[in-house]
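[1] Here is a sequence with its predicted model. Questions after.
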Amino acid sequence: MRQFLIAGNWKMNGSLAANEALVSGIVNGVPDGAGFRLLVCPPFPYLASVASQVTGSAVALGAQNVSEHDSGAFTGETAPFMLVDVGCDYAIVGHSERRAIYGETSEQVAAKFLAAQAAGITPILCVGETLEEREAGTTEQVIDEQLDAVLGAAGVDVFAAAVIAYEPVWAIGTGMTATPEQAQEVHRHIRARLAAQDANLAEKVQILYGGSMKGENAPGLLCMPDIDGGLIGGASLKASDFLAIAEAAAQS
Ligand code: PEP
């Protein structure tokens, strides 16, 4: 039985004061139940202060990105062990904004995935198609290319300690959500691709949905058989909005 993971990607939002209020709202409002885990991913400068607030709570800490390198002359980058040092359990890799705005390739994303994992961080591998790709009927090919970069580099076993987030690019920050059926179709495809190499392992991998998830649409998405939680942007910036999604997970 897979647990739900409800993950907040704060992107480039927040301040010391705002984060403190947001995290205390989340920590104090975690719904009862055991079938889910909450995660917050603040911007890098706030990881340590948020870590001190979530330590000992039901909320885990993650980063929004990580370097594929361990140390050295990489100005502006953050090494995987540094994330461990400040208390991170997870790192998002290959978010569509990193791929589109910063030109991250699937090979680079795979290197980040493996570097994070080698340091003991659980990578959350984001995959997803643009609207043009969906309309051209190439959704599965796009997802396969993004997944295969990791599968080809390291095999299926690395997914035993990883999370996948299916995030249709056209649904991120747009208010347009994939229908539960559209999302389920891609989630099933992702799981089947892993299952072709290891059916047992594929059954255990958490596959999150991301793209304008909120309290209102979360119950419909989370009741689909292959959707194991959410990666949430906008609705993770207000404790009550984030907790409404957590509540949907607790009820599912
Ligand atoms: C995201 O940034 O990963 C995301 C899904 O954003 P939003 O929930 O705002 O669409």
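    The structure has been received and is ready for your questions.

[2] alpha carbons only for contacts and neighbour counts from here, please
    Will do.

[3] can you list the residues of the stretch 101-250 of the chain near the ligand?
    Counting by C-alpha under 6 Å from any ligand atom, the stretch 101-250 of the chain comes close to the ligand at A171, I172, G173, G210, G211, S212, M213, L231, I232, G233, G234.

[4] from these, which has minimum pLDDT?
    Scanning these for pLDDT, the low point is G173. It has 83.

[5] and the closest residue to that one other than its chain neighbours, what helix or strand is that in?
    Closest residue to G173 apart from its sequence neighbours, by C-alpha to C-alpha, 6 or more residues apart in numbering: S212 at 5.8 Å. Using DSSP states H and E, S212 falls within no helix or strand.

[6] State the pLDDT value of the residue of the chain most remote from its centre.
    Using C-alpha atoms, centre = their mean, the residue of the chain lying farthest from its centre is A73. It sits 28.0 Å away. A73 is assigned 98 on the pLDDT scale.

[7] For stretch 146-164, measure first residue to last.
    By C-alpha to C-alpha, to the nearest Å, the extent of stretch 146-164 from end to end equals 11 Å.

[8] residue contacts, the residue in the stretch 1-150 of the chain positioned nearest to the ligand?
    Taking C-alpha to the nearest ligand atom as the measure, the stretch 1-150 of the chain has N9 as its residue closest to the ligand, at 5.9 Å. For N9, the contact set (C-alpha atoms under 8 Å, 6 or more residues apart in numbering) comprises V40, C41, P42, Q64, L231, I232, G233, S236.

[9] Switch those over to JSON lines; also include neighbour count.
    JSON lines is the format used below for those (neighbours: other C-alpha atoms under 10 Å):
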{"residue": "V40", "neighbour count": "28"}
{"residue": "C41", "neighbour count": "27"}
{"residue": "P42", "neighbour count": "26"}
{"residue": "Q64", "neighbour count": "22"}
{"residue": "L231", "neighbour count": "28"}
{"residue": "I232", "neighbour count": "28"}
{"residue": "G233", "neighbour count": "21"}
{"residue": "S236", "neighbour count": "27"}
